[in-house]
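1. can you look at this prediction? I've put the sequence above it.
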Amino acid sequence: MRLGYYMGYAPPGKNPLELIELAQEAERLGFHSAWAAEAWGTDAVTVLSWLAATTSTINVGSAIMQLPGRSPANTAMTAATLDLLSGGRFLLGLGTSGPQVVEGWHGEAWGKPLGKTREYVEIVRKALARETLEHHGEHYDIPYSGPGATGLGKPLKLMMRPLRADIPIYIAALGPKNVDLAFEIADGWIPIFFSPEHAREAFGFDARNGFDISPSAHVVVTDDVEAGRDFVRPILGLYIGGMGARGKNFYNSLVRRYGYEAEAEKIQQLYLDGKQREAIAAVPDALVDDVALVGPRERIADRLDAWRESGATTLLCSTHDVNALRTMAELVL
């Protein structure tokens, strides 16, 4: 199992340069990759461009670039450019994001994410292979021929020659059908809130050679285990309780599949009723320990055995603490 650094996105009031400094340290420590994310704040591409320019060996990945934020052709151009500028170090992580972001920020219909992802990846691969781009599907029509079309559009091929036509594509997925799709059409999978003990049953996957399973996990190195859990608890409370509506929250559904049905129900009810602090306090210790690495060095070392046996091939360490990166490098690399 190798290590990646999950940079995430810069929180409000923070500069992404702080994350880039940590990614540079991850490179010095021998990490395989560093991954930038985006929600509705700092974007992933700009951060990765800066990171690629200030590093030389670490792979730079998007975890994730949001599908509704870019046309597939634009994503192909961006991926080819980042890969060229980085000397072949770019990893293209894609995902739909959730309905709140898709409709509330990007102004697109949530629609059918499985079909849209399939078409999107197909178009990106065609473009990177410098095929003359023509695609007429349910979700994408290239050249466009629908209402308002001028009729002047013609199939084009990527003007530049990519350094690699086979840039690795990763898909972020939570549900079993999405995970099946990732294994079918992608080179890797980026799961969030991955429980080593429950993941195979909850996600419904079988590891295969050459396919990179890259879960992210919060890493909190501290002698005070309870304080470390309290650092992770608000993140879990937000996603389980507030990222979606009753009956439509993918993270809530996931932890239910882990066996936390009653706890997930309580957290969501409290959060959506405006009782965020109570919702956060309701996140059980066992769930935090399932999906995160918290505690002193020895406790984390013991816990890593489960991750090694889980099928994970790259563990993406989520932290803003340089000591956590150094501890993980000492334990794994």
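-> Yes, it's here. Residues are numbered from 1 along each chain as shown.
2. do a quick rundown of the helices in the stretch 1-150 of the chain.
-> Listed in chain order, the helices of the stretch 1-150 of the chain (DSSP state H, counting those that start in this stretch) span 16-29, 44-53, 72-86, 99-104, 113-128.
3. residue 264 is nearest to which of those helices?
-> helix 99-104 (18.0 Å; Cβ to Cβ). No exception for glycine: its C-beta is placed from N, CA and C like everyone else's.
4. strands along the stretch 151-300 of the chain, start to end?
-> For the stretch 151-300 of the chain, the strands defined by DSSP state E, counting those that start in this stretch occupy 169-172, 188-190, 212-213, 216-221, 293-295.
5. tell me the strands beside the first one, with direction?
-> Each strand that pairs with strand 169-172, with its direction, by DSSP bridges: strand 90-95 (parallel), strand 188-190 (parallel).
6. and the contacts of the first one?
-> What it means is strand 90-95. By Cβ atoms under 8 Å, 6 or more residues apart in numbering, the residues outside strand 90-95 that reach it are 33, 35, 48, 52, 59-67, 75, 79, 82-83, 117, 120-121, 124, 167-173, 188, 190.
7. pull the distance from it to the chain's centre.
-> 8 Å (Cα atoms, centre = their mean, to the nearest Å).
8. list the buried residues in it.
-> Neighbour counts using 16 or more other Cβ atoms under 10 Å place 90-95 of strand 90-95 among the buried residues.
9. comparing the helices of the stretch 1-150 of the chain by mean pLDDT, which bottoms out?
-> Of all these, helix 99-104 carries the lowest average pLDDT, namely a mean of 92.
10. what's the neighbour count on the closest residue to residue 187 other than its chain neighbours?
-> In this structure, residue 187 finds its nearest non-sequential neighbour in residue 168, 4.2 Å apart by Cβ to Cβ, 6 or more residues apart in numbering. Using other Cβ atoms under 10 Å, residue 168 has 17 other residues around it.
11. ok, residue 168 touching residue 188?
-> Yes. Residue 168 is within contact range of residue 188, at 6.2 Å (criterion: Cβ atoms under 8 Å).
12. quickly list what's touching both of those two.
-> Overlap of the contact sets of residue 168 and residue 188 (by Cβ under 8 Å, 6+ apart) consists of 91, 212.
13. list the contacts of the most centrally placed residue in the chain.
-> What sits nearest the mean C-alpha location of the chain, by Cα atoms, centre = their mean, is residue 63, with 3.6 Å. By Cβ under 8 Å, 6+ apart, the residues touching residue 63 are 6, 35-37, 44, 93, 170, 172, 190, 214, 216, 316.
14. with residue 260 instead?
-> 284, 287.
15. at 6 Å what do you get?
-> residue 287 (Cβ atoms under 6 Å, 6 or more residues apart in numbering).
16. from residue 23, how far out is it?
-> Distance, residue 260 to residue 23, using Cβ to Cβ, to the nearest Å: 33 Å.
17. residue 268 now?
-> Distance from residue 268 to residue 23, counting by Cβ to Cβ: 34 Å.
18. so what's residue 293 bridging to?
-> When assigned by DSSP bridges, residue 293 has beta-bridge partners residue 219.
19. tally of neighbours for it?
-> 26.
20. and for the one 5 residues further on?
-> The local packing count at residue 298 equals 9, with neighbours defined by other Cβ under 10 Å.
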